[in-house]
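Peer 1: I would like the atomic coordinates for the input below:
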Amino acid sequence: MYDCVVVGGGPAGATAAYHLAKNGHSVLILEKNKLPRYKPCGGGVCPKVAEWFDYDFEPVISQKVTQVRYTYNLEDEVISELSEPIWMVRRDEFDHYMVQQAQKQGVVLQESTKATGIEFKDGCWHISTSAEPVIGRYLIAADGAKGPMARWLGFKQRKTVMAGAIETEPRLPVHDGHVVHFEFGLLKHGYVWNFPKADGYSLGSGAFISAKRKSRDLVQPLTDYSKQFGVDVDEETKHGHPIFLWDGDQTLHTTQAVLAGEAACVVDPFTAEGIRPSIFSGLKASEAVHNALAGNDVALADYTKTMIQEWGNEMRWAARLAKAFYLAPKVGYRVGVKHPRGTQIMGDVFLGKLRYSDVVTRGLKRLSAGLLSA
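Peer 2: The predicted model follows:
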């Protein structure tokens, strides 16, 4: 029997496992795929995450970008310098590396093993799998947006906006690899992007406030945008995937178990940033389980409170900005992106140097003024 079983070997699960093992606990990561495995994701990582670990991420940083380039309908270009480089990673390499660091702390990895059911009895979680069953005193569900763990644990009415994205990752020579690209005019209710890597691009399109959008609606904007980088999307493998955006405070704990990562619907509703919030939730989940194992009866409830106070309060502002910007993107581009300080401010929000609560009120005022003058 393990002190904790973590279901899912992504950033949230690997983070939770690493820190629990560092604190002397026996931990199992249950991962349905063989690692490394492909994960559709732009792969932009806020370097602030390094503060939460005592190991170096440099081996899996594919590229560091120092500039952001924006366009609207492929025109009206704006280029902004970042105050600090943003990491670009390939998720198969990044996630596997994090799991390997956890293994160095004594975490057991059971990969190519799918959880098939759970039962709480005799004070422990009994997890049926595609191999042998496993038992843990505590359970962290970090099996992603489509994973079944949240439902099995009784979280049937999660507060989330189901967004969608489609992505391709061609391997080819990269030009201006220090520049990350965003296009806001080709796609309604979202954006198209190009996140450069050392050996290619991560090109994608995503709609973030429309739950009814079909994946086929995302293909043409991606096709049109990719041409300017010499990529024929029709010749590349494309991956569609759901994104569970934050949409309100909710309970993330139950009997000796918590949700973390995309299973906890922590993705930023404005930028769709998922890696940093997933890692943050994994960190806080590990602290909660560690305290619970030490006898703190309210530790898991405190995890829910912490996620509401330290992440949810910020996401409330992000959601307001997303609704205002994506419903009137032309105005948002004019008064936000083209504002002399607008792009630098949003870069600092992504970098964790500023909070949404510090800047959104002013941004919404500019958007409102822009709508009135449009």
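Peer 1: Now stretch 92-112: buried residues?
Peer 2: In terms of neighbour count (16 or more other C-beta atoms under 10 Å), stretch 92-112 has its buried residues at 92-103, 105, 107-110. Placement of C-beta: from N, CA and C, glycine included.
Peer 1: Also stretch 46-62?
Peer 2: By 16+ other C-beta under 10 Å, the buried positions in stretch 46-62 come out as 46-47, 49, 53, 57, 60-62.
Peer 1: So what's the model's average confidence on it?
Peer 2: Confidence over stretch 46-62 (mean pLDDT, whole number) is 97.
Peer 1: What of stretch 138-148?
Peer 2: 95.
Peer 1: Endpoint to endpoint, that stretch covers what distance?
Peer 2: Terminal residues of stretch 138-148 lie 17 Å apart, using C-alpha to C-alpha, to the nearest Å.
Peer 1: can you list contacts of it?
Peer 2: Contacting residues not belonging to stretch 138-148 are listed as 3-8, 10, 12-13, 16, 32, 115, 118, 125, 127, 149-150, 153, 241-244, 256-263, 278, 282, 285-286, 289, 292-293 [C-beta atoms under 8 Å, 6 or more residues apart in numbering].
Peer 1: If we use 6 Å, what do you get?
Peer 2: Here stretch 138-148 makes contact (C-beta atoms under 6 Å, 6 or more residues apart in numbering) with 4-8, 12-13, 16, 125, 149-150, 242, 244, 256-263, 285, 289.
Peer 1: Report the beta-bridge partners for His181.
Peer 2: Beta bridges link His181 to Arg69, Asn194, judged by DSSP bridges.
Peer 1: how much space between it and Val65?
Peer 2: 10 Å (C-beta to C-beta, to the nearest Å).
Peer 1: Tell me which of these two has more neighbours.
Peer 2: Each of His181 and Val65 has its neighbours counted (other C-beta atoms under 10 Å); His181 has more, 24 against 20.
Peer 1: The more buried one reaches Asn194, doesn't it?
Peer 2: Yes - counting by C-beta atoms under 6 Å, His181 touches Asn194, with 4.0 Å between them.
Peer 1: mind checking the SS state of Ile29?
Peer 2: Of the three states, Ile29 takes strand under DSSP: H, G, I helix; E, B strand; the rest coil.
Peer 1: show me where this structure has helices.
Peer 2: Listed in chain order, the helices of the chain (DSSP state H) span residues 11-22, 91-104, 149-152, 216-226, 275-293, 299-307, 313-327, 329-332, 342-350, 356-373.
Peer 1: what's the closest of the ones you listed to Val161?
Peer 2: With distances scored as C-beta to C-beta, the stretch of the helices of the chain nearest to Val161 is helix 313-327 (8.3 Å).
Peer 1: okay, the closest one in CSV with CA atoms only?
Peer 2: Extracted in CSV, the C-alpha atoms of helix 313-327 (Å, rounded to 0.1, in the frame of the first residue of the first chain):
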residue,chain,number,x,y,z
ASN,A,313,-9.5,34.9,-7.4
GLU,A,314,-7.1,35.6,-10.3
MET,A,315,-9.0,33.5,-12.8
ARG,A,316,-12.2,35.5,-12.0
TRP,A,317,-10.5,38.6,-13.4
ALA,A,318,-9.1,36.5,-16.3
ALA,A,319,-12.6,35.3,-17.2
ARG,A,320,-13.9,38.9,-17.3
LEU,A,321,-11.1,40.0,-19.6
ALA,A,322,-11.6,36.9,-21.8
LYS,A,323,-15.3,37.7,-22.3
ALA,A,324,-14.7,41.3,-23.1
PHE,A,325,-11.8,40.7,-25.4
TYR,A,326,-13.1,37.7,-27.4
LEU,A,327,-16.6,39.1,-27.9
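Peer 1: The chain should start at 20 in everything you say after this.
Peer 2: That works, and once the first residue is 20, the last one we named lands at helix 332-346.
Peer 1: and Gly225, what does it touch?
Peer 2: Contacts of Gly225 (C-beta under 6 Å, 6+ apart): 184, 209, 291.
Peer 1: doesn't Ile228 make contact with the second one?
Peer 2: No - with the criterion set as C-beta under 6 Å, Gly209 and Ile228 do not qualify as a contacting pair; they are 7.7 Å apart.
Peer 1: So between the two, which is more surrounded?
Peer 2: Applying other C-beta under 10 Å to Gly209 and Ile228 shows that Gly209 carries more neighbours, namely 26 against 19.
Peer 1: quick one: Asp75 from Gly61, how far?
Peer 2: Distance of Asp75 to Gly61, computed by C-beta to C-beta: 22 Å.
Peer 1: which strand residues sit across from the nearest residue to Val180 once chain neighbours are set aside in the sheet?
Peer 2: Excluding the flanking residues, the one nearest Val180 by C-beta to C-beta, 6 or more residues apart in numbering is Leu264, at 4.2 Å. For Leu264, the beta-bridge partners under DSSP bridges are Val180, Val286.
Peer 1: Surely Leu264 and Val286 touch.
Peer 2: Yes - counting by C-beta under 6 Å, Leu264 does reach Val286; the two are 5.0 Å apart.
Peer 1: For His197, grab the count of nearby residues.
Peer 2: Using other C-beta under 10 Å, His197 has 14 other residues around it.
Peer 1: I figured it hits Val84, correct?
Peer 2: Yes - applying C-beta under 6 Å, one finds His197 in contact with Val84, separated by 5.5 Å.
Peer 1: Run through the residues that contact Ser99.
Peer 2: Residues near Ser99 by C-beta under 6 Å, 6+ apart: 87, 362-363.
Peer 1: Can you spell out the domain ranges of the protein, please?
Peer 2: 21-337, 338-392 (automatic domain parsing).
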